[in-house]
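1. Requesting a structural model of the entry that follows:
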Amino acid sequence: MSKFPPRFDHERVGEVLRFDHERVAEVLELLAADGAQPTGGPAAAIVAGLAATLTAAAADRSRDGWPEAGGARAQALALRRRILGLASEDAAAYAAARAALANRGGEGESESRDVELGETVRLAAEAPLQIGAVAADVAALAALVAAHGAPDVQTDAAIASLLAAAAAQSAARLVEINLVAGADPDLVQHARSHADTAARAAAGWRR
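-> Here you go, the predicted model:
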């Protein structure tokens, strides 16, 4: 059973991720707690959340010279809230999928078990798909801030875009893994599309 909390306290996570090594360590320890299942999806979501936080900070520092900075900051914070909520959803879906796979040879009607397993796998793929979609939005927004923000924060925003792109790529890989277990191939195509979109945003902000 995963020890990842069923729900994230968004405000607490935001506080933990300030530049306090002990608080950051608290998040890392949570991911690596004794007996916890590997939590690649939530880890990718947290990386995207960090990227959104960095984007919001860069936008805030750009208010004097960029009229859209306030809106960019608000959007970045909204994306952060969404991505941290998805971390919890992914952890729950992952735990359910592992339990279903472990019990697929148990008692009961084979056809009924197969249907239940298929639905569980689909849900396990849906969560990282959404993480990838939001991460792609963060990457694009961060690239926008890098292109229009204050010169002294452009590099920070560019790094945020790269982090978000990495999170989207990681999420796509998780969806691909679920395909092996029977997930809808269309989900993989969508996940790859999100990853490609994020990568282009991160690579092309200077142009």
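
2. need the longest helix for the chain.
-> helix 110-148 (DSSP state H).

3. just for this structure, where's the confidence low?
-> 1-21, 23, 34-38, 104-119, 179-183, 205-207 (pLDDT under 70).

4. okay, which residue is most central for it?
-> The chain has Ala45 as the residue nearest its centroid, 2.5 Å off, counting by CA atoms, centre = their mean.

5. so it sits right up against Arg81, yeah?
-> No. Judged on CB atoms under 8 Å, Ala45 makes no contact with Arg81 at a distance of 11.5 Å. Any C-beta I mention is one placed from the backbone N, CA and C, and that applies to glycine too.

6. Can you tell me how far Tyr94 is from Asp137?
-> 22 Å (CB to CB, to the nearest Å).

7. can you pull out the helices in this protein?
-> Using DSSP H, helices in the chain cover 10-16, 21-31, 40-60, 69-102, 110-148, 154-180, 185-204.

8. Please identify the deepest-packed of these.
-> helix 40-60 (a mean of 26; mean count of other CB atoms under 10 Å).

9. so what does that one touch, helix or strand wise?
-> helix 10-16, helix 21-31, helix 69-102, helix 110-148, helix 154-180 (3 or more CB pairs under 8 Å, 6 or more residues apart in numbering; DSSP states H and E).

10. what's the closest of those helices to Ala51?
-> Ala51 lies closest to helix 154-180 among these, at 4.0 Å (CB to CB).

11. now the closest one: how far from the chain's centre is it?
-> 8 Å (CA atoms, centre = their mean, to the nearest Å).

12. Could you do stretch 89-108 as well?
-> Worked out by CA atoms, centre = their mean, stretch 89-108 lies 21 Å from the chain centre.

13. got the contact list for the residue nearest to Ala72 when sequence neighbours are not counted?
-> Leaving aside its chain neighbours, Ala72 sits nearest to Ala59 (4.0 Å; criterion: CB to CB, 6 or more residues apart in numbering). Residues in contact with Ala59, defined by CB atoms under 8 Å, 6 or more residues apart in numbering, are 66, 69-70, 72-73, 76, 145, 149, 157.

14. 10 Å - rerun?
-> Each residue near Ala59 by CB atoms under 10 Å, 6 or more residues apart in numbering is listed here: 66, 68-77, 141-142, 144-145, 148-150, 153, 157.
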